[in-house]
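Novice: here is my input, please return the structure:
(one chain, ligands or ions: 1)
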Amino acid sequence: MKRIVLLMGGVFVLATIAFAVWALGTAEVPGEQKFALDMNRLRQAATASGEPLPVAMEEFDIAHGEFPKAVVVSGAGLFEKNDMVFRTHILGYANGDTVVIDPVHNGAQHQQLFGEGFNEKTWAFMQAALTNASLVLATHEHVDHVGGIAKSPSFASIAPHVKLTEEQINSFAIADADFAPADLQALIPLTYDDYYSPAPGIALKKAPGHSPGSQMIYVQLASGKEYLFIGDIAWSWDNILLQSGRARLVSRFFLGESQALVAAELAALDAVWQQGDVTIIVSHDPNEPQ
Ligand SMILES: [Zn+2]
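Specialist: Below you'll find the predicted structure:
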């Protein structure tokens, strides 16, 4: 009897270790999946209208949080912490038009997700910017990228300028943003095929994987400076630099993302990084690559 108990205990411990190793692992990179990212097509789309490009871009840090690094970057140390920043970007044109990218969730949502680390003043500033924006875009439909729309005190007045894609609005992943059902229905979905320019100097590229509605947002300023907002394809620069995605634990069980698609996108982003002419914006990484 004792032996059987010991044997079962041993099997349980081994199974637990095997599960932990699997759960902290990720998809192979590069995998069989390929992601075609044509930077010149983005440049052409963004400048095709010939209209003036944005003259400025500002970044607003609205909240901070942290995750264990081992789930953010598969293979990272078990006890390392990974700082996460939550930020909104605002583009400005010479004629006064503005574009808001990724309006961050509100204080109550932050409390639920991360606890402390929310700046109410910056969020209020971002809300003021939303009410004046000519266009509001999101890299994807997760709460920390569209929560500022869902919880806007001026939803009715900003809604006509919100351009969430069809995939974002219809995604299971938008649920956590907690839109009032009537509000979500009031948004007119943006439909486009792979590449599309919603305004001068901006071009979108569909990039499903992290979520069904994930897209990259390319921005070119009048100065010639180029940016690529990649949303949460990477949570940390290390996902790109080490070509290692999130741990299966979060990918499969919390996000429901396609690790194979994310891995292919990480490979394409590494090529953009190597090229060196476009600044990649990794939404939640407060640090620049070393
Ligand atoms: Zn995010």
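Novice: show me which residues of the stretch 101-250 of the chain are close to the ion?
Specialist: For the stretch 101-250 of the chain, the residues in contact with the ion (CB under 5 Å from the ion) are 144, 232. C-beta coordinates here come from the backbone N, C-alpha and C atoms, glycine included.
Novice: pLDDT below threshold where in the stretch 101-250 of the chain?
Specialist: Flagging of the stretch 101-250 of the chain using pLDDT under 70 yields an empty set of residue ranges.
Novice: can you pull out the helices in it?
Specialist: Ranges of helices within the stretch 101-250 of the chain are 107-114, 120-132, 143-150, 155-158, 166-169, 181-186, 237-241, 248-250, based on DSSP state H, counting those that start in this stretch.
Novice: which other helices and strands contact the fifth one?
Specialist: Going back to what we said before, that points to helix 166-169. Under the contact definition 3 or more CB pairs under 8 Å, 6 or more residues apart in numbering; DSSP states H and E, helix 166-169 sits against no other helix or strand.
Novice: rebuild the helices of the stretch 101-250 of the chain as CSV, extending it with mean neighbour count.
Specialist: Formatted as CSV, these follow (neighbours: other CB atoms under 10 Å):
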stretch, mean neighbour count
helix 107-114, 17
helix 120-132, 16
helix 143-150, 26
helix 155-158, 15
helix 166-169, 20
helix 181-186, 12
helix 237-241, 21
helix 248-250, 19
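Novice: out of the ones you listed, which is closest to A56?
Specialist: helix 120-132 (12.6 Å; CB to CB).
Novice: tell me what angle the closest one forms with helix 143-150.
Specialist: For helix 120-132 against helix 143-150, the angle by axes from the mean of the first three to the mean of the last three CA atoms, to 10 degrees is 60 degrees.
Novice: which residues sit against helix 120-132?
Specialist: Contacts to helix 120-132, defined as CB atoms under 8 Å, 6 or more residues apart in numbering, come from residues 60-63, 88, 90, 98, 100, 103-104, 106-107, 136, 148-149, 152-154, 157-158.
Novice: for the residue nearest the centre of the chain, which residues are in contact?
Specialist: The centroid of the chain falls nearest to G231 when counting by CA atoms, centre = their mean (2.4 Å). Residues near G231 by CB under 8 Å, 6+ apart: 102, 139-140, 145, 207, 210, 214-217, 283.
Novice: wait, isn't D183 in contact with S152?
Specialist: No. Using CB atoms under 8 Å, D183 is not in contact with S152; the gap is 9.1 Å.
Novice: joint contacts of these two?
Specialist: Counting by CB under 8 Å, 6+ apart, D183 and S152 have no common neighbour.
Novice: what is the end-to-end distance of stretch 243-259?
Specialist: With CA to CA, to the nearest Å as the measure, the first residue of stretch 243-259 is 12 Å from its last.
Novice: would you mark the buried spots in it?
Specialist: By neighbour count on 16 or more other CB atoms under 10 Å, the buried set for stretch 243-259 is 243-251, 255, 257-259.
Novice: before we move on, the earlier item: between the helices of the stretch 101-250 of the chain, which one is closest to Q274.
Specialist: Going by CB to CB, the one of the helices of the stretch 101-250 of the chain nearest Q274 is helix 237-241, 10.1 Å.
Novice: name the helices or strands packed onto that closest one?
Specialist: Identification of packing neighbours for helix 237-241 by 3+ CB pairs under 8 Å, 6+ apart yields helix 259-275.
Novice: OK, contacts around the residue in the stretch 51-200 of the chain that the ion sits nearest to?
Specialist: Nearest residue of the stretch 51-200 of the chain to the ion (CB to the ion) works out as D144 at 4.2 Å. D144 is in contact with 86, 104-105, 109, 113, 283, counting by CB under 8 Å, 6+ apart.
Novice: also F67?
Specialist: F67 sits next to 81-82, 84, 235 when contact means CB under 8 Å, 6+ apart.
Novice: filter these down to the buried ones, ChimeraX style.
Specialist: Those of the contacts of F67 that count as buried under 16+ other CB under 10 Å are selected in ChimeraX with:
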select :82,84,235
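Novice: output the contacts of F67 as TSV; include the columns secondary structure.
Specialist: Listed next are these as TSV, based on DSSP: H, G, I helix; E, B strand; the rest coil:
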residue	secondary structure
K81	strand
N82	strand
M84	strand
W235	coil
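Novice: max pairwise distance over the contacts of D144: which two?
Specialist: For the contacts of D144, with distances taken as CB to CB, the pair at the greatest spread is Q109 and S283 (15.8 Å).
Novice: closest point of the stretch 151-290 of the chain to the ion, which residue?
Specialist: For the stretch 151-290 of the chain, CB to the ion, closest residue to the ion: D232, 4.2 Å.
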